[in-house]
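Participant: Okay, here's the prediction I keep looking at, along with the sequence it came from:
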Protein chains: 2
Amino acid sequence: MDADKKKIALRMIPYGIYVLTAKSDDEVAAATVNWVTQTSFDPPLVVVGVKANSGALATLKQAGSFALNMLGKEQQGAAFTFFKPVEHVDGKISGEAYEVGSTGAPVLDSAPACVEFNVAEIVERGDHHIVIGEAVDVKTKAEIEGRPDDAILHMRDLGDSVFYGG
Amino acid sequence: MDADKKKIALRMIPYGIYVLTAKSDDEVAAATVNWVTQTSFDPPLVVVGVKANSGALATLKQAGSFALNMLGKEQQGAAFTFFKPVEHVDGKISGEAYEVGSTGAPVLDSAPACVEFNVAEIVERGDHHIVIGEAVDVKTKAEIEGRPDDAILHMRDLGDSVFYGG
(Lines give C-alpha, C1' and ligand atoms only; values in the text may rest on other atoms or scores of the structure.)
Protein backbone atom coordinates (compact mmCIF):
# COMPACT_ATOMS: atom_id res chain seq x y z
CA MET A 1 0.00 0.00 0.00
CA ASP A 2 1.38 3.39 -1.03
CA ALA A 3 1.69 5.43 2.20
CA ASP A 4 1.24 8.83 0.53
CA LYS A 5 -1.84 7.74 -1.39
CA LYS A 6 -3.30 6.20 1.77
CA LYS A 7 -2.75 9.48 3.62
CA ILE A 8 -4.46 11.52 0.92
CA ALA A 9 -7.39 9.11 0.61
CA LEU A 10 -8.02 8.87 4.36
CA ARG A 11 -7.74 12.67 4.69
CA MET A 12 -10.72 12.94 2.36
CA ILE A 13 -12.93 11.98 5.32
CA PRO A 14 -14.30 15.29 6.66
CA TYR A 15 -14.37 15.88 10.42
CA GLY A 16 -15.98 18.18 12.92
CA ILE A 17 -14.14 19.28 16.06
CA TYR A 18 -15.37 18.27 19.53
CA VAL A 19 -14.16 18.62 23.11
CA LEU A 20 -14.56 15.26 24.78
CA THR A 21 -15.04 15.61 28.53
CA ALA A 22 -15.36 13.09 31.35
CA LYS A 23 -15.23 13.08 35.12
CA SER A 24 -14.15 10.20 37.31
CA ASP A 25 -13.81 10.27 41.10
CA ASP A 26 -10.30 11.67 40.82
CA GLU A 27 -9.92 13.33 37.45
CA VAL A 28 -11.56 15.79 35.10
CA ALA A 29 -10.60 15.22 31.47
CA ALA A 30 -11.13 17.43 28.43
CA ALA A 31 -9.52 16.73 25.08
CA THR A 32 -10.09 17.87 21.51
CA VAL A 33 -11.13 14.98 19.28
CA ASN A 34 -12.32 14.65 15.70
CA TRP A 35 -12.67 10.92 14.96
CA VAL A 36 -16.42 10.73 15.57
CA THR A 37 -19.33 9.14 13.73
CA GLN A 38 -22.84 8.10 14.58
CA THR A 39 -23.34 4.32 14.08
CA SER A 40 -26.97 3.66 15.07
CA PHE A 41 -30.28 5.53 15.30
CA ASP A 42 -31.94 3.20 17.85
CA PRO A 43 -30.34 3.15 20.28
CA PRO A 44 -28.46 6.34 19.35
CA LEU A 45 -24.82 5.22 19.26
CA VAL A 46 -21.64 7.02 18.30
CA VAL A 47 -18.06 5.85 17.94
CA VAL A 48 -15.14 8.01 19.05
CA GLY A 49 -11.48 7.18 18.44
CA VAL A 50 -9.61 8.11 21.65
CA LYS A 51 -5.83 7.91 22.02
CA ALA A 52 -4.92 4.65 23.73
CA ASN A 53 -2.52 6.02 26.34
CA SER A 54 -4.41 9.25 27.06
CA GLY A 55 -5.80 10.58 30.30
CA ALA A 56 -9.09 11.18 28.51
CA LEU A 57 -9.49 7.46 27.76
CA ALA A 58 -8.52 6.45 31.31
CA THR A 59 -10.96 8.94 32.79
CA LEU A 60 -13.95 8.08 30.58
CA LYS A 61 -13.30 4.38 31.23
CA GLN A 62 -13.39 4.91 34.98
CA ALA A 63 -16.42 7.21 34.71
CA GLY A 64 -18.36 4.94 32.35
CA SER A 65 -19.58 8.06 30.59
CA PHE A 66 -18.42 11.06 28.59
CA ALA A 67 -19.68 14.11 26.75
CA LEU A 68 -19.02 15.48 23.28
CA ASN A 69 -19.11 19.27 23.32
CA MET A 70 -19.76 20.40 19.75
CA LEU A 71 -17.61 23.45 19.09
CA GLY A 72 -19.07 26.42 17.23
CA LYS A 73 -17.63 28.03 14.11
CA GLU A 74 -15.61 30.63 16.03
CA GLN A 75 -14.19 28.31 18.72
CA GLN A 76 -10.77 27.65 17.21
CA GLY A 77 -9.27 28.86 20.51
CA ALA A 78 -11.06 26.20 22.52
CA ALA A 79 -10.03 23.52 20.03
CA PHE A 80 -6.33 24.38 20.42
CA THR A 81 -6.66 24.79 24.21
CA PHE A 82 -7.81 21.19 24.62
CA PHE A 83 -5.01 19.78 22.50
CA LYS A 84 -2.96 20.59 25.63
CA PRO A 85 -3.13 19.13 29.17
CA VAL A 86 -6.06 20.38 31.23
CA GLU A 87 -5.75 22.92 34.03
CA HIS A 88 -8.61 22.64 36.50
CA VAL A 89 -8.61 25.92 38.42
CA ASP A 90 -11.36 28.05 40.04
CA GLY A 91 -14.07 25.67 38.83
CA LYS A 92 -13.03 26.14 35.21
CA ILE A 93 -11.33 23.71 32.85
CA SER A 94 -8.44 25.51 31.16
CA GLY A 95 -10.38 28.74 31.49
CA GLU A 96 -13.70 27.37 30.19
CA ALA A 97 -16.74 27.60 32.46
CA TYR A 98 -18.90 24.49 32.62
CA GLU A 99 -21.82 22.87 34.36
CA VAL A 100 -21.94 19.27 35.50
CA GLY A 101 -24.04 17.15 33.15
CA SER A 102 -26.41 14.39 34.19
CA THR A 103 -23.65 11.80 33.64
CA GLY A 104 -21.19 13.90 35.63
CA ALA A 105 -19.29 14.94 32.52
CA PRO A 106 -18.48 18.65 32.16
CA VAL A 107 -20.75 20.52 29.73
CA LEU A 108 -18.91 23.58 28.43
CA ASP A 109 -20.89 26.83 28.63
CA SER A 110 -19.38 28.06 25.36
CA ALA A 111 -20.31 25.04 23.20
CA PRO A 112 -23.54 25.45 21.18
CA ALA A 113 -24.49 21.83 21.87
CA CYS A 114 -23.35 18.95 24.05
CA VAL A 115 -24.37 15.30 23.96
CA GLU A 116 -23.71 13.00 26.92
CA PHE A 117 -23.08 9.28 26.50
CA ASN A 118 -22.83 6.17 28.59
CA VAL A 119 -19.93 3.97 27.50
CA ALA A 120 -21.46 0.87 25.90
CA GLU A 121 -18.21 -0.83 24.95
CA ILE A 122 -14.58 -0.06 24.20
CA VAL A 123 -12.84 -2.00 21.44
CA GLU A 124 -9.11 -1.99 22.18
CA ARG A 125 -7.66 -2.02 18.67
CA GLY A 126 -4.99 0.26 17.29
CA ASP A 127 -3.19 3.31 18.67
CA HIS A 128 -6.57 4.87 19.50
CA HIS A 129 -9.30 2.77 21.04
CA ILE A 130 -12.83 2.60 19.68
CA VAL A 131 -15.21 4.03 22.28
CA ILE A 132 -18.87 3.18 21.62
CA GLY A 133 -21.23 5.54 23.43
CA GLU A 134 -25.00 5.58 23.79
CA ALA A 135 -26.52 9.07 23.88
CA VAL A 136 -28.40 9.64 27.12
CA ASP A 137 -28.68 13.41 27.43
CA VAL A 138 -28.32 16.51 25.29
CA LYS A 139 -28.13 20.24 25.79
CA THR A 140 -28.35 22.85 23.05
CA LYS A 141 -27.43 26.38 23.99
CA ALA A 142 -27.79 28.32 20.77
CA GLU A 143 -30.57 28.44 18.20
CA ILE A 144 -29.15 26.77 15.08
CA GLU A 145 -29.89 28.57 11.81
CA GLY A 146 -29.60 26.45 8.67
CA ARG A 147 -27.89 23.07 8.58
CA PRO A 148 -26.53 21.86 11.94
CA ASP A 149 -23.38 20.55 10.20
CA ASP A 150 -22.66 24.09 9.00
CA ALA A 151 -22.82 25.41 12.58
CA ILE A 152 -19.97 23.27 13.88
CA LEU A 153 -16.23 23.92 13.74
CA HIS A 154 -14.64 21.76 11.03
CA MET A 155 -11.06 20.50 10.80
CA ARG A 156 -10.47 22.82 7.83
CA ASP A 157 -11.40 25.83 10.01
CA LEU A 158 -8.28 25.15 12.12
CA GLY A 159 -5.94 25.97 9.22
CA ASP A 160 -5.18 25.00 5.64
CA SER A 161 -2.61 22.40 6.63
CA VAL A 162 -4.22 21.05 9.82
CA PHE A 163 -5.24 17.38 9.66
CA TYR A 164 -5.67 14.55 12.13
CA GLY A 165 -5.98 11.40 10.10
CA GLY A 166 -4.38 9.70 7.12
CA MET B 1 -33.56 13.26 26.52
CA ASP B 2 -35.28 15.71 24.19
CA ALA B 3 -35.61 13.94 20.80
CA ASP B 4 -35.54 17.13 18.71
CA LYS B 5 -32.48 18.49 20.47
CA LYS B 6 -30.73 15.12 20.13
CA LYS B 7 -31.47 15.14 16.39
CA ILE B 8 -30.09 18.63 15.91
CA ALA B 9 -26.97 17.95 17.98
CA LEU B 10 -26.14 14.65 16.25
CA ARG B 11 -26.72 16.24 12.84
CA MET B 12 -23.90 18.65 13.65
CA ILE B 13 -21.47 15.82 12.85
CA PRO B 14 -20.32 16.45 9.27
CA TYR B 15 -20.12 13.51 6.86
CA GLY B 16 -18.60 12.64 3.51
CA ILE B 17 -20.34 10.32 1.08
CA TYR B 18 -18.89 6.94 0.13
CA VAL B 19 -19.95 3.93 -1.92
CA LEU B 20 -19.16 0.83 0.13
CA THR B 21 -18.52 -2.17 -2.13
CA ALA B 22 -17.86 -5.83 -1.39
CA LYS B 23 -17.81 -9.09 -3.30
CA SER B 24 -18.49 -12.52 -1.86
CA ASP B 25 -18.67 -15.77 -3.83
CA ASP B 26 -22.30 -15.13 -4.70
CA GLU B 27 -22.98 -11.43 -4.41
CA VAL B 28 -21.68 -8.03 -5.42
CA ALA B 29 -22.77 -5.29 -3.04
CA ALA B 30 -22.58 -1.51 -3.44
CA ALA B 31 -24.30 0.88 -1.06
CA THR B 32 -23.99 4.57 -0.26
CA VAL B 33 -22.83 5.14 3.30
CA ASN B 34 -21.79 8.16 5.33
CA TRP B 35 -21.15 6.95 8.89
CA VAL B 36 -17.38 6.68 8.56
CA THR B 37 -14.44 7.71 10.73
CA GLN B 38 -10.81 6.74 11.03
CA THR B 39 -10.01 5.34 14.50
CA SER B 40 -6.30 4.47 14.39
CA PHE B 41 -3.14 5.49 12.50
CA ASP B 42 -1.17 2.28 13.15
CA PRO B 43 -2.64 0.01 12.03
CA PRO B 44 -4.84 2.24 9.85
CA LEU B 45 -8.37 1.46 11.02
CA VAL B 46 -11.72 2.90 10.12
CA VAL B 47 -15.20 2.32 11.50
CA VAL B 48 -18.24 2.20 9.22
CA GLY B 49 -21.84 1.99 10.43
CA VAL B 50 -23.62 -0.47 8.09
CA LYS B 51 -27.36 -1.22 8.25
CA ALA B 52 -27.87 -4.41 10.25
CA ASN B 53 -30.27 -6.17 7.86
CA SER B 54 -28.63 -5.01 4.63
CA GLY B 55 -27.21 -7.01 1.77
CA ALA B 56 -24.07 -4.88 2.00
CA LEU B 57 -23.39 -6.07 5.55
CA ALA B 58 -24.09 -9.72 4.68
CA THR B 59 -21.79 -9.53 1.66
CA LEU B 60 -18.87 -7.82 3.37
CA LYS B 61 -19.17 -10.26 6.26
CA GLN B 62 -18.92 -13.23 3.91
CA ALA B 63 -16.13 -11.58 1.91
CA GLY B 64 -14.12 -10.52 4.97
CA SER B 65 -13.27 -7.33 3.11
CA PHE B 66 -14.78 -4.21 1.59
CA ALA B 67 -13.88 -0.97 -0.15
CA LEU B 68 -14.82 2.65 0.45
CA ASN B 69 -15.07 4.51 -2.83
CA MET B 70 -14.68 8.21 -2.03
CA LEU B 71 -17.12 10.11 -4.22
CA GLY B 72 -16.01 13.33 -5.90
CA LYS B 73 -17.75 16.69 -5.64
CA GLU B 74 -19.90 16.18 -8.75
CA GLN B 75 -20.96 12.58 -8.05
CA GLN B 76 -24.40 13.24 -6.54
CA GLY B 77 -25.83 10.88 -9.17
CA ALA B 78 -23.70 7.97 -8.00
CA ALA B 79 -24.62 8.69 -4.38
CA PHE B 80 -28.36 8.46 -5.13
CA THR B 81 -27.87 5.42 -7.43
CA PHE B 82 -26.39 3.38 -4.59
CA PHE B 83 -29.16 4.24 -2.16
CA LYS B 84 -31.12 1.79 -4.34
CA PRO B 85 -30.67 -1.98 -4.89
CA VAL B 86 -27.74 -2.87 -7.14
CA GLU B 87 -28.13 -4.03 -10.74
CA HIS B 88 -25.13 -6.04 -11.88
CA VAL B 89 -25.32 -6.06 -15.69
CA ASP B 90 -22.69 -6.16 -18.47
CA GLY B 91 -19.85 -6.07 -15.96
CA LYS B 92 -21.08 -2.80 -14.47
CA ILE B 93 -22.69 -2.14 -11.10
CA SER B 94 -25.81 -0.03 -11.63
CA GLY B 95 -24.16 1.47 -14.69
CA GLU B 96 -20.80 2.18 -13.01
CA ALA B 97 -17.68 0.61 -14.51
CA TYR B 98 -15.25 -0.90 -12.03
CA GLU B 99 -12.13 -2.95 -11.65
CA VAL B 100 -11.63 -5.74 -9.15
CA GLY B 101 -9.49 -4.58 -6.24
CA SER B 102 -6.83 -6.65 -4.50
CA THR B 103 -9.37 -7.74 -1.86
CA GLY B 104 -11.90 -8.61 -4.56
CA ALA B 105 -14.05 -5.56 -3.77
CA PRO B 106 -15.19 -3.47 -6.75
CA VAL B 107 -13.22 -0.24 -7.23
CA LEU B 108 -15.37 2.24 -9.13
CA ASP B 109 -13.66 3.88 -12.12
CA SER B 110 -15.44 7.17 -11.46
CA ALA B 111 -14.36 7.62 -7.81
CA PRO B 112 -11.29 9.83 -7.28
CA ALA B 113 -9.99 7.51 -4.57
CA CYS B 114 -10.78 4.09 -3.14
CA VAL B 115 -9.45 2.42 0.00
CA GLU B 116 -9.77 -1.33 0.51
CA PHE B 117 -10.07 -2.89 3.95
CA ASN B 118 -9.98 -6.28 5.59
CA VAL B 119 -12.71 -6.69 8.17
CA ALA B 120 -10.99 -6.73 11.57
CA GLU B 121 -14.14 -7.06 13.68
CA ILE B 122 -17.85 -6.34 13.57
CA VAL B 123 -19.56 -5.08 16.72
CA GLU B 124 -23.22 -6.04 16.53
CA ARG B 125 -24.83 -3.18 18.41
CA GLY B 126 -27.75 -1.06 17.28
CA ASP B 127 -29.74 -0.87 14.04
CA HIS B 128 -26.48 -0.52 12.10
CA HIS B 129 -23.49 -2.65 13.01
CA ILE B 130 -20.03 -1.27 13.66
CA VAL B 131 -17.66 -2.58 11.00
CA ILE B 132 -14.00 -2.12 11.88
CA GLY B 133 -11.76 -2.29 8.82
CA GLU B 134 -7.98 -2.25 8.42
CA ALA B 135 -6.78 -0.45 5.28
CA VAL B 136 -4.77 -2.79 3.07
CA ASP B 137 -4.82 -1.13 -0.35
CA VAL B 138 -5.56 2.22 -1.92
CA LYS B 139 -6.05 3.66 -5.37
CA THR B 140 -6.18 7.35 -6.23
CA LYS B 141 -7.35 8.22 -9.71
CA ALA B 142 -7.33 12.00 -9.77
CA GLU B 143 -4.71 14.50 -8.69
CA ILE B 144 -6.14 16.23 -5.61
CA GLU B 145 -5.72 20.01 -5.55
CA GLY B 146 -5.97 21.63 -2.13
CA ARG B 147 -7.39 19.86 0.91
CA PRO B 148 -8.47 16.25 0.33
CA ASP B 149 -11.57 16.81 2.50
CA ASP B 150 -12.66 19.56 0.09
CA ALA B 151 -12.43 17.15 -2.86
CA ILE B 152 -15.02 14.72 -1.53
CA LEU B 153 -18.80 14.84 -1.85
CA HIS B 154 -20.32 15.95 1.46
CA MET B 155 -23.79 15.20 2.84
CA ARG B 156 -24.73 18.88 2.37
CA ASP B 157 -23.94 18.58 -1.37
CA LEU B 158 -26.89 16.15 -1.68
CA GLY B 159 -29.44 18.84 -0.81
CA ASP B 160 -30.29 21.39 1.87
CA SER B 161 -32.57 19.01 3.75
CA VAL B 162 -30.68 15.74 3.22
CA PHE B 163 -29.36 14.12 6.41
CA TYR B 164 -28.57 10.61 7.56
CA GLY B 165 -28.08 10.81 11.30
CA GLY B 166 -29.70 12.38 14.33
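Facilitator: Received, thanks. Everything quoted here is computed from the prediction, not taken from an experiment. Numbers count the residues shown, from 1 in each chain, chains lettered A, B, ... in the order given.
Participant: And A:Ala120, how far from chain B?
Facilitator: A:Ala120 sits 6 Å away from chain B, going by C-beta to the nearest C-beta, to the nearest Å. Glycine gets a C-beta too; all of them are placed from N, C-alpha and C.
Participant: Sorry, wrong one. I was asking about A:Gln38.
Facilitator: Where chain B is concerned, A:Gln38 sits at a distance of 5 Å (C-beta to the nearest C-beta).
Participant: For beta bridges, what are the partners of that residue?
Facilitator: Beta-bridge partners of A:Gln38, counted by DSSP bridges, are A:Val46.
Participant: for it, what are its contacts?
Facilitator: A:Pro44, A:Leu45, A:Val46, B:Leu10, B:Ile13, B:Trp35, B:Gly49, B:Gly165, B:Gly166 (C-beta atoms under 8 Å, 6 or more residues apart in numbering or on different chains).
Participant: Just the residues you listed: which are in strands?
Facilitator: Within those, residues falling in strands by DSSP state E are A:Leu45, A:Val46, B:Gly49.
Participant: Please list all residues in contact with the second one.
Facilitator: Which is A:Val46. A:Val36, A:Thr37, A:Gln38, A:Thr39, A:Leu68, A:Val115, A:Phe117, A:Ile132, A:Gly133, A:Ala135, B:Leu10, B:Ile13.
Participant: give me the element the fifth one is part of.
Facilitator: Okay, so that is A:Leu68. strand A:65-70 (DSSP states H and E).
Participant: Toward the C-terminus, what is the element adjacent to that strand?
Facilitator: Taking DSSP H and E, what comes next after strand A:65-70 is helix A:76-81.
Participant: Distance check, A:Ala56 against A:Leu71.
Facilitator: Counting by C-beta to C-beta, to the nearest Å, the gap between A:Ala56 and A:Leu71 amounts to 16 Å.
Participant: So for those two, which sits in the more crowded spot?
Facilitator: A:Leu71 (28 against 24; other C-beta atoms under 10 Å in any protein chain shown).
Participant: wait, what's in contact with the closest residue to A:Ile8 other than its chain neighbours?
Facilitator: In space, and not counting its chain neighbours, A:Ile8 is closest to B:Pro148: 5.2 Å by C-beta to C-beta, 6 or more residues apart in numbering or on different chains. By C-beta under 8 Å, 6+ apart, the residues touching B:Pro148 are A:Ile8, A:Ala9, A:Arg11, A:Met12.
Participant: What's the local residue count around the second one?
Facilitator: I take that to be A:Ala9. 25.
Participant: Same question for the third one.
Facilitator: Counted with other C-beta under 10 Å, residues neighbouring A:Arg11 total 22.
Participant: For chain B, see how far away it is.
Facilitator: 4 Å.
Participant: How about residues contacting the helix or strand of chain A with the lowest mean pLDDT?
Facilitator: Among the helices and strands of chain A, strand A:88-89 carries the lowest confidence by mean pLDDT, DSSP states H and E, at a mean of 90. The contact list for strand A:88-89 (C-beta under 8 Å, 6+ apart) reads A:Val28, A:Ser94.
Participant: Each with direction, which strands does that strand pair with?
Facilitator: Strand A:88-89 has these strand partners (DSSP bridges): strand A:92-93 (antiparallel).
Participant: Give me the distance from the strand it pairs with to the chain's centre.
Facilitator: 16 Å (C-alpha atoms, centre = their mean, to the nearest Å).
Participant: do stretch A:8-19 as well
Facilitator: Using C-alpha atoms, centre = their mean, the offset of stretch A:8-19 from its chain centre is 13 Å.
Participant: Fine by me, thanks again.
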